[in-house]
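Engineer: everything below, folded, please.
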Amino acid sequence: MLVVGVLLAFIAIIDRGGLNDQSAAADGSTGCQLEVAADQLNVRAAPDQDSALLQTLVRGDRVDGTRIVTNGFRELEGNQWAADQFLTPLPDTNCA
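Structural biologist: Now for the predicted structure:
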């Protein structure tokens, strides 16, 4: 029974985005922390809906961002971009 529980937990981690989920590393180093307010949010290589998809975040994930918004996309740490309308600044951070 224990083996089945461990296996199911591992499958849930992989289904959620893998063991290397970058959103878990949000540490506020940019001064702006954001929470994902959509069921799924695509992170792209450039501020354009047609640019390369880098990863997908889920509701409640927290990411470090910048104050830069271009074409409705906010720049995230590591020169990544996501639709700003689905990102909510966390209290006491400087995202404006």
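Engineer: quick one: distance of stretch 69-87 to the chain centre.
Structural biologist: Put simply, stretch 69-87 sits 10 Å off its chain's centre (CA atoms, centre = their mean, to the nearest Å).
Engineer: mind listing what's buried along it?
Structural biologist: 69, 73-77, 80-84, 86-87 (16 or more other CB atoms under 10 Å). Quick note: C-beta positions are derived from backbone N, CA and C, even for glycine.
Engineer: strands along this protein, start to end?
Structural biologist: Using DSSP state E, the strands of the chain run over 32-36, 40-44, 53-58, 62-70, 73-76, 80-83, 87-89.
Engineer: which other helices and strands contact the longest one?
Structural biologist: Taking 3 or more CB pairs under 8 Å, 6 or more residues apart in numbering; DSSP states H and E as contact, the helices and strands that strand 62-70 lies on are strand 32-36, strand 73-76.
Engineer: number of nearby residues for Glu35?
Structural biologist: Residues near Glu35, counting by other CB atoms under 10 Å, number 17.
Engineer: and it, what does it touch?
Structural biologist: Shown in contact with Glu35 (CB atoms under 8 Å, 6 or more residues apart in numbering): 60-62, 87-88, 90.
Engineer: can you rerun that using 6 Å?
Structural biologist: Neighbouring residues of Glu35 by CB atoms under 6 Å, 6 or more residues apart in numbering: 62, 88, 90.
Engineer: same deal with Gly60?
Structural biologist: Here Gly60 is in contact with no residue (CB under 6 Å, 6+ apart).
Engineer: distance of it from Leu90?
Structural biologist: Distance check for Gly60 against Leu90: by CB to CB, to the nearest Å, it reads 12 Å.
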